[in-house]
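Novice: Pasting the sequence and the predicted model now:
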Amino acid sequence: MTAYPKMLAPLDLGFTTLKNRVLMGSMHTGLEETKDWNRVAEFYADRARGGVALMVTGGIGPNLEGSVLPGAAMMTSDQDVENHSIVTNRVHEAGGKIAMQILHAGRYSYGPKCVAPSPVKSPISPFPPNELDEEGIEKQIADIVNAAVLAQQAGYDGVEIMGSEGYFLNQFLVTHTNKREDRWGGSYENRMRLPIDVVRRTREAVGTNFIIIYRLSMIDLVPNGSTYDEVVQLAQEVEKAGATILNTGIGWHEARIPTIATSVPRAAFAWVTKKLMGKVGIPVITSNRINTPEVAEQVLSEGCADMVSMARPMLADADFVAKAAEGKSNQIAPCIACNQACLDHTFGGKLTSCLVNPRACHETELVLTPAESVKAIAIVGAGPAGLSTALAASERGHKVTLFDRASEIGGQLNMAKQVPGKEEFWGLVDWYRTMLAQSDVALELNREVSAGDLKGFDEVVIATGVVPRDPQIPGQDRANVVDYIDVLRHKAEVGKRVAVIGAGGIGFDVSEFLLHAGESPTENLPLWMQEWGVADPAEHRAGLAPEGPQPEAPAREVTLLQRKAERHGKRLGKTTGWIHRAALKMKDVNFVGGVNYEKIDDEGLHVSFGEARENPTVIAADTVVLCSGQLSERSLADTLEAQGTACHVIGGADLAAELDAKRAINQGTRLAASL
Ligand code: NAP
Ligand code: SF4
């Protein structure tokens with residue numbers, strides 16, 4: 001008997017059956033744009049082998065003006081059909097099903113040719129859209145239908161028509177972006193004409209035995225977005241027009257409420273999808289922050305949806321469904337919703353991958369083949385770099401010993417997990433623990449290793465991490481000056497007024513940690529909704545609470561300082577930096593930049609500004625927390641190198657400036673693949 005009877009139950013669509021209730025949601029990986037169709041095919045085939053019932057590709061443009069970017073993948077020609085057939089054939093051979101997402105970006109299309117119902121520029125694009133005339137609208141519909149027909153010719157099992165997240169079809173629905181007075185604007189009947197026509201004409205063109213998923217925005221989270229009644233009306237009309245499945249989308253891209261970041265509670269929006277259950281006859285899918293089989297099962301058991309969509313979790317572990325079905329859910333590599341290697345890469349124009357699984361989108365290139373000759377490998381440091389090297393080297397058949405002087409594995413991950421909103425890191429450390437226990441790696445904790453201990457190994461890997469940088473501020477040896485490690489390990493007393501020195505990722509995290517008392521909103525959905533101003537869309541248009549965000553009072557008065565004169569948090573993740581900034585702003589954090597640190601004394605922290613050291617100012621503080629970055633811990637590596645012993649130095653020990661788990665895990669896995 002499985003622990004996930006709902007998640008693993010088949011879903012009969014009439015003309016075809018899905019083998020379980022898991023959809024791999026659409027993600028723009030950048031793979032199609034590499035034009036290496038074998039690589040695209042392997043990415044999807046790997047996930048098909050992993051048991052997911054139906055996959056949706058990244059958004060494919062129906063024409064130039066609707067593509068997300070100039071040069072983005074489109075479905076417009078015989079050559080496109082031929083390329084995509086490589087993918088669909090490989091997926092079908094692997095026993096999977098795949099639908100192509102047709103994404104018309106409208107005013108979100110990043111180029112001067114972008115089109116929209118009205119010339120209203122999006123706040124997240126520099127390009128004002130061109131207003132479509134009647135002929136232009138007809139062309140967009142015809143191009144979308146044509147893309148669906150070509151997708152069918154290419155062997156796809158269906159298409160997903162993207163109608164949410166603030167893209168083209170969504171832009172027609174709301175007065176915020178549709179100011180037209182013709183038959184495509186004004187009344188709701190007119191504004192919803194475009195999505196309905198698109199679905200109806202697509203169905204007419206592809207016939208009955210082809211899946212049409214319509215991605216419907218359940219809660220726009222932008223001012224003047226759709227009302228709940230409008231959403232339900234649209235869902236019913238889309239069903240009548242011939243959709244097979246409704247997939248629900250949450251929030252426009254320009255919404256100022258986080259919807260998928262790690263600080264969003266798990267399954268935070270499933271209750272919104274539930275409001276559609278019983279209102280339509282076709283299956284309904286829910287999504288957003290569902291990342292374990294347990295959460296998926298719970299969402300389905302509570303009747304929130306007929307299916308769950310997981311996108312990023314399928315990057316983290318291609319075998320998600322298969323492992324769940326085999327009763328090995330604790331072996332599923334968890335998506336921690338960090339966005340660091342997926343969405344941040346996409347928006348940075350880089351190929352997508354995954355922080356916890358660097359093989360994602362690199363299936364054909366980063367391959368862990370059995371080792372030609374088995375080596376004895378010593379790895380010093382059980383942080384993310386050392387752990388990933390150990391697991392990958394052991395998988396290849398090497399004899400690995402992993403040392404750490406601490407009593408637990410995880411290194412800096414153990415600090416991240418203490419921060420409210422970063423609870424997912426607990427799961428990541430647990431996963432490493434499970435996988436180590438499963439493997440043949442010999443784990444030696446509480447072991448301070450010397451160069452002499454490393455004799456006799458064929459390969460030595462130094463992953464000793466970092467030490468905090470000493471900012472050398474006069475007075476920093478006072479009892480009320482502490483470093484971030486002691487704060488995050490609950491080893492330091494911190495007063496009510498705090499000055500945080502250094503506004504990098506850790507300065508932000510420590511501020512967040514110090515501002516919260518009691519339960520983390522990430523673990524308490526009503527509290528999180530109140531904090532960000534999310535309301536029931538049936539009561540308030542687009543799900544925006546009229547009173548706006550109402551965060552709990554800050555537990556402390558925090559001043560966050562940096563020497564640079566630039567905007568605080570400028571170097572944080574592209575898709576998450578704004579959330580960290582907004583969260584601290586809501587808690588009245590005082591951002592101070594362009595400072596020189598003069599001294600710390602009984603009055604507090606003395607700073608001045610600019611090269612001329614002007615405007616001397618005292619930041620009154622009971623406690624000063626040092627978050628001034630790190631230096632590589634290389635002492636063991638230096639000793640080995642001095643005595644002529646070759647070693648591989650990875651992670652923070654290699655490069656502290658860019659210390660982060662994404663780089664460490666990728667570097668460790670790649671090293672292991674080469675040993
Ligand atoms: P960091 O990002 O390098 O930031 C260090 C901070 O210390 C900067 O604000 C820097 O700003 C300041 N600083 C540098 N030298 C200083 C000195 N001599 N005296 C005083 N201040 C000094 O390092 P981090 O915050 O420790 O984070 C380490 C890494 O962890 C990051 O690279 C990031 O990848 C990762 N991380 C990311 C996140 C996240 O994205 N949320 C969270 C945690 C960790 P000024 O030079 O302007 O003063
Ligand atoms: Fe999830 Fe982070 Fe991997 Fe993206 S990079 S799939 S958010 S773990």
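Specialist: Yep, it's here. Numbers count the residues shown, from 1 in each chain. Ligands and ions are numbered 1, 2, ... in the order given.

Novice: Check the separation of the first and last residues in stretch 377-391.
Specialist: 12 Å (Cα to Cα, to the nearest Å).

Novice: and it, does that touch ligand 2?
Specialist: No: residues of stretch 377-391 are not located near ligand 2 by Cβ under 6 Å from any ligand atom, the shortest gap being 11.9 Å. Where C-beta positions appear, they are placed from N, C-alpha and C, glycine not excepted.

Novice: how would you label the residue in the stretch 351-500 of the chain that ligand 2 sits nearest to: helix, strand or coil?
Specialist: Using Cβ to the nearest ligand atom, the single residue of the stretch 351-500 of the chain nearest to ligand 2 is Cys354, 3.3 Å away. Using DSSP: H, G, I helix; E, B strand; the rest coil, the structure places Cys354 in coil.

Novice: Next, the contact list for it, please.
Specialist: Going by Cβ atoms under 8 Å, 6 or more residues apart in numbering, Cys354 touches Arg312, Leu315, Ala316, Cys335, Ala341, Cys342, Ala360, Cys361.

Novice: mind running it again at 6 Å?
Specialist: Going by Cβ atoms under 6 Å, 6 or more residues apart in numbering, Cys354 touches Leu315, Ala316, Ala341, Ala360.

Novice: Of all pairs in these, which one is the farthest apart?
Specialist: Taking Cβ to Cβ, the two most distant members of those are Ala316 and Ala341; they sit 9.8 Å apart.

Novice: Quick check: chain neighbours aside, which residue is closest to Ile219?
Specialist: Of all residues not flanking Ile219 in the chain, Gly543 sits nearest, at 3.8 Å (Cβ to Cβ, 6 or more residues apart in numbering).

Novice: Looking at Ala316 and Ala341, which one has more neighbours?
Specialist: Just comparing Ala316 and Ala341: by other Cβ atoms under 10 Å the higher neighbour count belongs to Ala341, 27 against 24.

Novice: Please identify the residues of the stretch 351-500 of the chain in proximity to ligand 1?
Specialist: Applying Cβ under 6 Å from any ligand atom, we find that the stretch 351-500 of the chain lies next to ligand 1 at Arg469, Pro471.

Novice: Which residue does the stretch 351-500 of the chain have closest to ligand 1?
Specialist: For the stretch 351-500 of the chain, the nearest residue to ligand 1 under the criterion Cβ to the nearest ligand atom is Pro471, separated by 3.3 Å.

Novice: Then the stretch 151-300 of the chain?
Specialist: Thr262 (9.2 Å).

Novice: Nearest to the spatial middle of this protein, which residue is it?
Specialist: Nearest to the mean C-alpha position of the chain, by Cα atoms, centre = their mean, lies Asn339 at 3.0 Å.

Novice: Near ligand 2, which residues of the chain are found?
Specialist: Counting by Cβ under 6 Å from any ligand atom, the chain sits next to ligand 2 at 312, 315-316, 335-342, 354-356.

Novice: Sitting in helices, which of those residues do you find?
Specialist: Under the assignment DSSP state H, these contribute Arg312, Leu315, Ala316 to helices.

Novice: Out of the residues you listed, which is nearest to ligand 1?
Specialist: Relative to ligand 1, the closest of those is Arg312; by Cβ to the nearest ligand atom it sits at 16.5 Å.

Novice: how close does that closest one get to Gln340?
Specialist: Counting by Cβ to Cβ, to the nearest Å, the separation of Arg312 from Gln340 is 11 Å.

Novice: Then Val449?
Specialist: With Cβ to Cβ as the criterion, Val449 and Gln340 are 30 Å apart.

Novice: Just want the phi and psi numbers for the residue nearest to the centre of the chain.
Specialist: The phi/psi pair for Asn339 (degrees, to the nearest 10) reads phi 70, psi 0.

Novice: Give me the nearest residue to it, chain neighbours excluded.
Specialist: Asn339 sits nearest to Thr575 (Cβ to Cβ, 6+ apart), 4.7 Å away.

Novice: if I read this right, that neighbour contacts Leu343, doesn't it?
Specialist: Yes: judged on Cβ atoms under 6 Å, Thr575 makes contact with Leu343 at a distance of 4.5 Å.

Novice: buried residues in stretch 106-122?
Specialist: Of all the residues in stretch 106-122, those buried under the rule 16 or more other Cβ atoms under 10 Å are Gly106, Arg107, Tyr108, Ser109, Tyr110, Gly111, Cys114, Val115, Ala116, Pro117, Ser118, Ser122.

Novice: Of the residues you listed, just say which sits nearest to Thr434.
Specialist: Closest approach to Thr434 among the buried residues of stretch 106-122 (Cβ to Cβ): Tyr108, at 40.2 Å.

Novice: and Val159, that one's in a strand?
Specialist: Yes: under three-state DSSP, Val159 falls within a strand.

Novice: that older thread, tell me the pLDDT of the residue nearest to the residue of the stretch 351-500 of the chain closest to ligand 1 when sequence neighbours are not counted.
Specialist: In space, and not counting its chain neighbours, Pro471 is closest to Ser628: 4.1 Å by Cβ to Cβ, 6+ apart. Here, the pLDDT recorded for Ser628 equals 96.

Novice: thought Ser628 was touching Asp470?
Specialist: No: counting by Cβ under 6 Å, Ser628 does not reach Asp470; the two are 7.9 Å apart.

Novice: Who has more neighbours out of those two?
Specialist: Neighbours were tallied for Ser628 and for Asp470 using other Cβ under 10 Å; the higher tally belongs to Ser628 (25 against 11).

Novice: Just the closest residue of the stretch 51-200 of the chain to ligand 1, please.
Specialist: Counting by Cβ to the nearest ligand atom, the stretch 51-200 of the chain gets nearest to ligand 1 through Ile124 (20.2 Å).

Novice: which residues sit in contact with that residue?
Specialist: Ile124 sits next to His253, Glu254 when contact means Cβ under 6 Å, 6+ apart.

Novice: before we move on, back to that, and the ones in helices among the residues of the chain next to ligand 2 as a markdown table, adding distance to ligand 1?
Specialist: Formatted as a markdown table, those follow (distance: Cβ to the nearest ligand atom, whole Å):
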| residue | distance to ligand 1 |
| --- | --- |
| Arg312 | 17 |
| Leu315 | 18 |
| Ala316 | 18 |
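
Novice: contacting residues around Val206?
Specialist: By Cβ under 6 Å, 6+ apart, Val206 lies in contact with Ala148, Gln152.

Novice: what's the answer for the one 5 residues further on, then?
Specialist: Taking Cβ under 6 Å, 6+ apart as the definition of contact, the neighbours of Ile211 are Ala99, Asp157, Gly158, Thr244.

Novice: what are the ranges of the strands in the stretch 401-550 of the chain?
Specialist: 442-444, 459-462, 466-468, 481-483, 497-501 (DSSP state E, counting those that start in this stretch).

Novice: What pairs with the first one, parallel or antiparallel?
Specialist: Strand 442-444 has the following strand partners under DSSP bridges: strand 399-403 (parallel).

Novice: what's the answer for the second one, then?
Specialist: Strand 459-462 has these partner strands in its sheet, going by DSSP bridges: strand 376-380 (parallel), strand 648-649 (parallel).

Novice: just those: most buried one?
Specialist: Using mean count of other Cβ atoms under 10 Å, the stretch among the strands paired with strand 459-462 with the largest mean neighbour count is strand 376-380, at a mean of 24.

Novice: Could you list the low-confidence segments of the stretch 551-675 of the chain?
Specialist: 658-659 (pLDDT under 70).
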